[in-house]
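Colleague: I'd like to go over a predicted model; first the sequence, then the structure.
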Amino acid sequence: MRTPEENRKLADMLFPEVKESPEDVFKKYPKRNVEGMVLRFAPSPTGFIHTGNIYTGFVSTKLAKQSGGISILRIEDTDKNREIENGVTQIVQALKGFGIEFDEGMEDEDNWKGEYGPYIQSKRIDIYHVFAKNLVSKGYAYPCFLTEEELEEIRHKQEELKERTGCYGKWAKYRDASTEEIEDLLNKGGKFVIRLYSTGDIEESFNMKDLVKGSVTLRENDMDAVLLKSDGYPTYHFAHPIDDTLMGITHITRTDEWFSSVSLHVELFEKLGFKQIPYAHLSPLMKLDNGKKRKLSKRKDPEFAVSFYLENGYPKKALLEYLLNIANSNFYDWRIQNPQKDIEEFELKIEKFNKAGALFDVIKLEDICKNYIATLAAQEVYEMSLEWAREYDEELAKLLEENKDYCIKIFNIERTGEKIRKDIAKFGDIRDQLVIFFDELLNNVDIEDIEDRVGKAKQKNILNEYLKVFNISDTQEIWFEKIRNLASELGFEKVGDVAMVLRVAITHRTRTPDLYQVMQVLGEQKVRERIQKYVDMMI
RNA sequence: GCCGCUAUCGUCUAACGGUUAGGACACAGGAUUCUCAAUCCUGCAAUCGGGGUUCGAUUCCCCGUAGCGGUACCA
């Protein structure tokens, strides 16, 4: 064991450039004076934004906002190996695309807003070093010179002995090394990391409250975890208590995978002399893989990349609704009762979060999307489709731009009144729905064959007769009356058969929106043309 | 292996220790002055297993089992 005096000397030896004390640092980060929750979303800039990121980011900003608090975007870029160019901008843009914005934090690679910055960990190295030095001087941390090979060796030995793997207790070779030995290694240029000098006992348990999980029992930590890597960057474990404390975070919302490290974090809060910030561990989004549930992963599940939803044109708000539904499943009941309200008005409750991970259910998502789009006015559908198309389907964008009024009329079919059509889940579906309204698109698709139902001669007969009575200004009642009369005159039992012949002649499809409305939108001339063309084709 | 968390229809979930275990999505059937969609109605379908505690257990306790997460100089 080193004496307090030796530890102070060691601290100076290790961090000669660090002059500040923790108190000095705290002066730059005054206590906040806010009523609500101060929450942070802290992703790594790996260049891959996944649905889980949107989920955590959305939930954090929503909780902060509805409580009258502050939301922060902090970037955790302490792993240089995983960094990617423009990673920060990508995250910011992706979140912004979903309407998720923060009160403080990074705005792109170099800029941030807020008084508690820097909001990117690579620019906070000097801060971490102040606390690391302080910990060393108190004997709560020490330099460790174990190489990767040595660590590997230790692990093998532990496995052979069936002991827990890791750097702890008697296995932590350098925790009680003498100052002389350390100095010697330093002089030889030995690479080192700074480790926690853990005083926990794995045999001891303690209780704590997690805002989502409730009361939990944990073993004390006894691992001499790495605090500062050999490149001087902090590990997540070390940066977390420091950043969250300095930034005045009131509740730590993070994904469940961190739960196992809570006891380590608790020990760090203690050793750093910080007040423990309460945790809320959010269960992760899962997917079914070969019949097994598992956490969504970046590498294995490209379909959970946010870009997937954007490319297919899932309405962003509907995705948020789906995520809200996963967070607090009573959201759906609320939505049924308040079909028109904005999700801003729904109050998310942290204690209602589900404890187990939820499977990501695309079917349910599509249901929400359909319902969402059904609440929009034709004009809005047009605008959103156009916005999407401009980015992902230029040809469609052109079509929409050149036929604005016509398209709005199309989108208005079965959008008013009692029976609202719910067949659009995503803007990627729009193109297919427009096909029957544009000759140039219609000519490229095969005509659905209904000869089995109604023979050619009869079809021809129906159409010729219909052309004689067709009048575009008929009301829907008269329109239908005419079809019914035609059916009985020509000896058809079912009105549907006659309507089907008309439908196929006009749209080339057996399944379309309300035929009367479709014809109204197409206009008299086009309807006559198409019917005539179909008749001529019948030989 | 070890540590921890979780466990209700296929999925997301609800149920002061007392309910015919409820709802939503999906699915199936029916209704609807045209097909599809929508809408309405009906149906299908669950408390992981075993022990306790209790008059009574989905609910509390224990033991299994399963799933998930962690077990890194990744976050």
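Modeller: Alright, I've got the coordinates.
Colleague: point out where chain A drops to low pLDDT.
Modeller: For chain A, residues meeting the criterion pLDDT under 70 lie at A:290-292, A:297-300, A:302-303, A:539.
Colleague: strands of that one, start to end?
Modeller: Using DSSP state E, the strands of chain A run over residues A:38-41, A:70-73, A:104-106, A:112-113, A:141-144, A:193-196, A:205-210, A:214-219, A:226-228, A:252-255, A:279-282, A:285-289, A:292-295, A:358-359.
Colleague: in TSV: those, plus distance to A:Cys407 and mean neighbour count.
Modeller: Every C-beta, even on glycine, is put in place using the N, C-alpha and C of the backbone. Rendered in TSV, the data for the strands of chain A read as follows (distance: least, Cβ to Cβ, whole Å; neighbours: other Cβ atoms under 10 Å):
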stretch	distance to A:Cys407	mean neighbour count
strand A:38-41	38	25
strand A:70-73	37	26
strand A:104-106	39	24
strand A:112-113	40	17
strand A:141-144	65	26
strand A:193-196	62	25
strand A:205-210	51	12
strand A:214-219	52	12
strand A:226-228	59	24
strand A:252-255	42	21
strand A:279-282	41	22
strand A:285-289	35	17
strand A:292-295	42	13
strand A:358-359	37	16
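Colleague: any part of stretch A:485-496 near RNA strand B?
Modeller: Yes. Contact of stretch A:485-496 with RNA strand B is found when judged by Cβ under 7 Å from any atom of the strand, involving A:495-496.
Colleague: just how off-centre is that stretch within its chain?
Modeller: On the basis of Cα atoms, centre = their mean, to the nearest Å, the separation between the geometric centre of stretch A:485-496 and that of its chain is 54 Å.
Colleague: now that stretch - C-alpha only, PDB.
Modeller: Taking Å, rounded to 0.1, in the frame of the first residue of the first chain, the C-alpha atoms of stretch A:485-496 are listed here in PDB:
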ATOM      1  CA  ASN A 485     -80.300  -0.700 -64.800                       C
ATOM      2  CA  LEU A 486     -77.600  -1.800 -67.200                       C
ATOM      3  CA  ALA A 487     -77.100  -5.000 -65.200                       C
ATOM      4  CA  SER A 488     -80.700  -6.000 -65.300                       C
ATOM      5  CA  GLU A 489     -81.300  -5.000 -68.900                       C
ATOM      6  CA  LEU A 490     -78.300  -7.200 -70.000                       C
ATOM      7  CA  GLY A 491     -79.300 -10.000 -67.700                       C
ATOM      8  CA  PHE A 492     -76.600  -9.800 -65.100                       C
ATOM      9  CA  GLU A 493     -77.500 -11.000 -61.600                       C
ATOM     10  CA  LYS A 494     -74.800  -9.000 -59.900                       C
ATOM     11  CA  VAL A 495     -74.400  -5.300 -60.200                       C
ATOM     12  CA  GLY A 496     -70.800  -6.000 -59.300                       C
END
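Colleague: what comes into contact with it?
Modeller: Residues lying outside stretch A:485-496 but in contact with it, judged by Cβ atoms under 8 Å, 6 or more residues apart in numbering, are A:458, A:461-462, A:465-466, A:469, A:480, A:483-484, A:497-498.
Colleague: looking at the strands of chain A, which is closest to A:Glu414?
Modeller: Each of those was checked against A:Glu414 via Cβ to Cβ, and the shortest separation belongs to strand A:358-359, namely 32.6 Å.
Colleague: for the closest residue in space to A:Leu151 that isn't next to it in sequence, give me phi and psi.
Modeller: In this structure, A:Leu151 finds its nearest non-sequential neighbour in A:Cys167, 7.2 Å apart by Cβ to Cβ, 6 or more residues apart in numbering. Here the main-chain torsion angles of A:Cys167 (degrees, to the nearest 10) amount to phi -100, psi 100.
Colleague: and the contacts of stretch A:485-496, which of them are buried?
Modeller: Buried residues within those, counting neighbours by 16 or more other Cβ atoms under 10 Å: A:458, A:461-462, A:465-466, A:483, A:497-498.
Colleague: looking at the residues you listed, which is nearest A:Leu196?
Modeller: For the buried ones among the contacts of stretch A:485-496, the closest approach to A:Leu196 (Cβ to Cβ) belongs to A:Asp497, at 80.1 Å.
Colleague: pretty sure that closest one is touching A:Asp452, no?
Modeller: No. Under the criterion of Cβ atoms under 8 Å, A:Asp497 lies out of contact with A:Asp452, with a separation of 11.5 Å.
Colleague: straight-line length of stretch A:210-219, end to end?
Modeller: Using Cα to Cα, to the nearest Å, the gap from the first to the last residue of stretch A:210-219 comes to 15 Å.
Colleague: just to revisit the earlier point, neighbours around the residue nearest to A:Leu151, how many?
Modeller: As a burial measure, A:Cys167 scores 22 neighbours (other Cβ atoms under 10 Å).
Colleague: A:Gly523 now?
Modeller: Using other Cβ under 10 Å as the criterion, A:Gly523 is surrounded by 13 other residues.
Colleague: do a quick rundown of the helices in the stretch 401-539 of chain A.
Modeller: Along the stretch 401-539 of chain A, the stretches classed as helices by DSSP state H, counting those that start in this stretch are A:404-411, A:430-434, A:439-442, A:456-469, A:476-489, A:495-507, A:515-522, A:524-537.
Colleague: distance of A:Ile483 from RNA strand B?
Modeller: Remark: distance between A:Ile483 and RNA strand B (Cβ to the nearest atom of the strand, to the nearest Å) = 7 Å.
Colleague: list the contacts of that residue.
Modeller: A:466, A:495, A:498-499, A:502.
Colleague: one more pass at 6 Å, please.
Modeller: When contacts are counted by Cβ atoms under 6 Å, 6 or more residues apart in numbering, A:Ile483 touches A:498-499.
Colleague: ok, now A:Pro43?
Modeller: Counting by Cβ under 6 Å, 6+ apart, A:Pro43 touches A:53, A:91.
Colleague: between the contacts of stretch A:485-496, which is closest to RNA strand B?
Modeller: Taking Cβ to the nearest atom of the strand as the measure, RNA strand B sits nearest to A:Phe480 out of those, at 5.3 Å.
Colleague: nearest residue to that closest one other than its sequence neighbours?
Modeller: Distances taken as Cβ to Cβ, 6+ apart put A:Tyr516 closest to A:Phe480, at 7.3 Å, once the chain neighbours are dropped.
Colleague: how about the residues of the stretch 251-400 of chain A by RNA strand B?
Modeller: For the stretch 251-400 of chain A, the residues in contact with RNA strand B under the definition Cβ under 7 Å from any atom of the strand are A:256-261, A:284, A:286, A:292-295, A:325-326, A:329-330, A:332-333, A:336, A:352, A:354-359, A:361, A:363-364, A:367, A:370.
Colleague: can I have the buried ones of the residues you listed as a PyMOL selection?
Modeller: When burial is assessed using 16+ other Cβ under 10 Å, the buried subset of these is captured in PyMOL by this command:
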select buried, chain A and resi 256+258+259+261+284+286+295+325+326+332+357+358+367+370
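Colleague: which of the residues of the stretch 251-400 of chain A next to RNA strand B fall within helices?
Modeller: Assigned to helices by DSSP state H, the following of these qualify: A:325-326, A:332-333, A:336, A:363-364, A:367, A:370.
Colleague: out of these, which comes closest to A:Phe206?
Modeller: Using Cβ to Cβ, A:Ile326 comes nearest to A:Phe206 of these, at 30.8 Å.
Colleague: surely the closest one meets A:Ala358?
Modeller: Yes. If you go by Cβ atoms under 6 Å, A:Ile326 and A:Ala358 touch, sitting 4.9 Å apart.
Colleague: circling back: how much space between the residue nearest to A:Phe480 and A:Gly200?
Modeller: Here the distance between A:Tyr516 and A:Gly200 works out to 75 Å (Cβ to Cβ, to the nearest Å).
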